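Q: Pasted the sequence and its predicted model underneath.
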2 protein chains.
Amino acid sequence: MPITTVGLDADDTLWHNESIFRLTHARFVDLLSDRADHDVLESRLAEVEQRNLRLYGYGIKGFTLSMIETAMELCDGEAPPRVIREILAAGREMLGHPVETLAGVDEAMADLAERYRLVLITKGDLLDQERKLAASGLGDLFVAVEIVSEKDRGTYDRVFDRHGTGAAEAVMAGNSMKSDVLPALEAGAFAVHIPYHVTWAHELAEAPENHPRYGALETIADLPGWIEKAGLRS
Amino acid sequence: MPITTVGLDADDTLWHNESIFRLTHARFVDLLSDRADHDVLESRLAEVEQRNLRLYGYGIKGFTLSMIETAMELCDGEAPPRVIREILAAGREMLGHPVETLAGVDEAMADLAERYRLVLITKGDLLDQERKLAASGLGDLFVAVEIVSEKDRGTYDRVFDRHGTGAAEAVMAGNSMKSDVLPALEAGAFAVHIPYHVTWAHELAEAPENHPRYGALETIADLPGWIEKAGLRS
C-alpha cells in the first residue's frame, strides 16, 4: 500500500518548546529557592501539573495556573505577590516566545509536502499553537491542522480518516513515544520517533520492540528517506 | 438550493455559560470590594480581558489569568494571597461546573439531527468544550466538532466546506450577533440569532437590516421550522 499522508507533531518536532518550559521551570525554582531546594520544587510542580491535566489540559495557560497553585502550596497559601506577578509574566513571555524551527525542518517539510498530504497533529492551547504555526512559516505546507486535547488511538484513526486515506497508509512522526508513536502504531499507522534533547516526564514511554511499522531517527532530515523505504516495503 | 448542514454555537446556545461567568464576576467584585466600587472593578476586569484576548484567546483559563492580573493591578501589585487563592478556586469551579442545556435544546437537536448534518462550532478552551459536550449528552448528534480560536468569515467557509456542502447550503445558529451571525452571513450561509438573556460585551453587535438569509428567534425550539421554510424559499 502506498503512503499518502504524513502526520507531524509540532512542539519539539518542528520547533523548540520543552526548552522554553525548562527555562520557565528554572525561573520558578529561582523565585522560590528560599522555600525548598531545587528537587523538591521541581517535583511539587510536576505533581500539580499532572494533577491538573484532567482539568486544564495541555498548554501554557494551564501551566501558568499550575505554577501559581504550586507556589501557593509551597508557601502555605501565602505566596508573596511578587512571586505571583513573576509567574504571570513568565507565562506571558512563553506565549510570546519567538518560534525557532529545529535544524533540518524547513528542508524536510518542503520535500514531504511535494509527495504527501501533511497534517499537523498537536496538543496545547489552540491560539498559541496557531500562532506558532503561523510564525514558523510552515503553515501553507499542511492540508489540515488538528489541535487536540489528547493523542490516543482514536485521535489518529479519526484524523487519518478525515484528512487522508486511513491510518494504514499514513505515517506519524514526533518526539513523544507516548503521544506520537505508540497510539499511532495502535491505530495501524507507521510511526517514527525523532527524540528531542529533553522530554517532559509526562511524555516518556518505552519504545516498541521489533515493530514492523516503527522507526527511530536522530533527525527529521532522514524522515523523507525513511518514509519512501517504508512505502516500498509495505 | 436545499439546506444540508446546520452549524450550532455551543455556549449560551446549547447550554448556560455566560451566567456562570457572571457569577464568577460577582465573586471577583466581592473579593475586591474594599479596593474600588462595583463598576470600576467590572470595567477594569473587562479591559484586562479584552487586552489579553490576543494572547490568551477565549475560555476559562485565560479568564482566570485575567482576573489574577486585574486583582494585581487594582492592589498596586500587592494583591493579598487570599484573593489569588479565591480566584484560582473560582476558575477551577467554573471548569467543573455542571452542564445544563437550555430549554428546548434536546428536542430541537434531535429533530435537526434527523434532517441535517450538525456541526458544533465554538470558541473556548479545547478540553473544557469537549467536557461540556460530553456532559450535555448531545455529542452523538454532531458529525463534527470544531473548536476554533476565532469565528470569522474564513472559519465558516472552511467548516461548511469540510463538513457539509458549502456555506450556501448551510445555516449557522447562535447567541452571538458578532461571532455566529455576521461572519456566517458574510460567508454566504443563512444565520439565525437566538439571544441568551445576557451577552458578554465583547460579543455585542448590530443586527443586519433586511438581510434575506438572516433570522431572529426567541427560542431554539423554533429553529427546525425556520430552517425548513428557509430551504423552501431559497
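A: Yep, it's here. Numbers count the residues shown, from 1 in each chain, chains lettered A, B, ... in the order given.

Q: Check the burial of A:Leu74 by counting its neighbours.
A: When neighbours are defined as other Cβ atoms under 10 Å in any protein chain shown, A:Leu74 has 18 of them. For glycine as for every other residue, the C-beta is placed from the backbone atoms N, C-alpha and C.

Q: Apologies, that question was intended for A:Leu95.
A: 22.

Q: Please apply the same query to A:Leu133.
A: 21.

Q: That one sits in which helix or strand?
A: helix A:126-136 (DSSP states H and E).

Q: Which of the helices or strands spans A:Val6?
A: Element membership for A:Val6 (DSSP H and E) is strand A:5-8.

Q: quick revisit: return the list of helices and strands in contact with the helix holding A:Leu133.
A: Helices and strands touching helix A:126-136, by 3 or more Cβ pairs under 8 Å, 6 or more residues apart in numbering or on different chains; DSSP states H and E, are strand A:144-147.

Q: And the strand it packs on, what does it pack against?
A: Packed against strand A:144-147 by the contact rule (3+ Cβ pairs under 8 Å, 6+ apart) you find strand A:117-122, helix A:126-136, helix A:153-163.

Q: tilt between the first one and helix A:153-163?
A: Between the axis of strand A:117-122 and that of helix A:153-163 there is an angle of 150 degrees, by axes from the mean of the first three to the mean of the last three Cα atoms, to 10 degrees.

Q: and strand A:117-122, how far out from the chain's middle?
A: Counting by Cα atoms, centre = their mean, to the nearest Å, strand A:117-122 is centred 13 Å from the centre of its parent chain.

Q: Adjacent strands (with direction) for it?
A: Next to strand A:117-122 in the sheet, as set by DSSP bridges, lie strand A:5-8 (parallel), strand A:144-147 (parallel).

Q: quick one: average pLDDT of the first one?
A: Confidence for strand A:5-8, expressed as mean pLDDT, is 98.

Q: Kindly format the C-alpha coordinates of it as CSV.
A: Output in CSV follows, covering the C-alpha atoms of strand A:5-8 (Å, rounded to 0.1, in the frame of the first residue of the first chain):
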residue,chain,number,x,y,z
THR,A,5,-0.4,11.0,4.4
VAL,A,6,2.1,12.2,7.0
GLY,A,7,1.1,13.4,10.4
LEU,A,8,3.6,15.6,12.2
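
Q: which residues touch that strand?
A: For strand A:5-8, the surrounding residues in contact (Cβ atoms under 8 Å, 6 or more residues apart in numbering or on different chains) are A:14, A:109, A:112, A:116-121, A:156, A:159-160, A:163-165, A:169-174, A:184, A:189, A:227.

Q: And the residues you listed, which of them are buried?
A: For the contacts of strand A:5-8, a neighbour count by 16 or more other Cβ atoms under 10 Å in any protein chain shown gives the buried set as A:14, A:109, A:112, A:116-121, A:156, A:159-160, A:163-164, A:169-174, A:184, A:189, A:227.

Q: can I get the helices and strands packed on strand A:144-147 in JSON lines with distance to A:Leu65 and mean pLDDT?
A: Formatted as JSON lines, the helices and strands packed on strand A:144-147 follow (distance: least, Cβ to Cβ, whole Å; pLDDT from 0 to 100):
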{"stretch": "strand A:117-122", "distance to A:Leu65": "20", "mean pLDDT": "98"}
{"stretch": "helix A:126-136", "distance to A:Leu65": "14", "mean pLDDT": "95"}
{"stretch": "helix A:153-163", "distance to A:Leu65": "25", "mean pLDDT": "97"}
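
Q: Distance to A:Leu55 added to the ones you listed, as TSV?
A: Below are the helices and strands packed on strand A:144-147 laid out as TSV (distance: least, Cβ to Cβ, whole Å):
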stretch	distance to A:Leu55
strand A:117-122	20
helix A:126-136	17
helix A:153-163	20
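
Q: how about these, which one is nearest B:Lys178?
A: With Cβ to Cβ as the criterion, B:Lys178 lies closest to helix A:126-136 of those, at 17.7 Å.

Q: Please point out which parts of that closest one sit buried.
A: For helix A:126-136, the buried set under the neighbour-count rule, 16+ other Cβ under 10 Å, comprises A:Leu126, A:Leu127, A:Asp128, A:Gln129, A:Glu130, A:Arg131, A:Lys132, A:Leu133, A:Ser136.

Q: do the same with stretch A:139-151
A: Neighbour counts using 16+ other Cβ under 10 Å place A:Leu141, A:Phe142, A:Ala144, A:Val145, A:Glu146, A:Ile147, A:Val148, A:Ser149, A:Lys151 of stretch A:139-151 among the buried residues.

Q: and which of the residues you listed is nearest to chain B?
A: Taking Cβ to the nearest Cβ as the measure, chain B lies nearest A:Ser149 of the buried residues of stretch A:139-151, at 4.4 Å.

Q: so what's the closest one up against?
A: A:Ser149 touches A:Gly57, A:Tyr58, A:Lys123, B:Leu126, B:Leu127, B:Glu130, counting by Cβ under 8 Å, 6+ apart.

Q: Quick check: the nearest residue to the first one once chain neighbours are set aside vs A:Asn175, distance?
A: If you skip the residues right next to it in sequence, A:Gly57 has B:Leu127 as its closest partner in space, 3.4 Å away by Cβ to Cβ, 6 or more residues apart in numbering or on different chains. For B:Leu127, the distance to A:Asn175 under the criterion Cβ to Cβ, to the nearest Å works out to 22 Å.

Q: list the helices and strands the least confident helix or strand in chain A by mean pLDDT packs on?
A: Least confident element among the helices and strands of chain A, by mean pLDDT, DSSP states H and E: helix A:223-233 (a mean of 91). With contacts defined as 3+ Cβ pairs under 8 Å, 6+ apart, the packing partners of helix A:223-233 are helix A:105-115, strand A:170-174, strand A:190-193.

Q: 6 Å - rerun?
A: On a contact count with 3 or more Cβ pairs under 6 Å, 6 or more residues apart in numbering or on different chains; DSSP states H and E, helix A:223-233 meets helix A:105-115.

Q: Identify each buried residue in the helix it packs on, please.
A: Going by 16+ other Cβ under 10 Å, helix A:105-115 has these buried residues: A:Val105, A:Asp106, A:Ala108, A:Met109, A:Leu112, A:Ala113.

Q: Would you agree the fourth one is in contact with A:Asp140?
A: What that stands for is A:Met109. No: between A:Met109 and A:Asp140 there is no contact under Cβ atoms under 6 Å: 10.3 Å.
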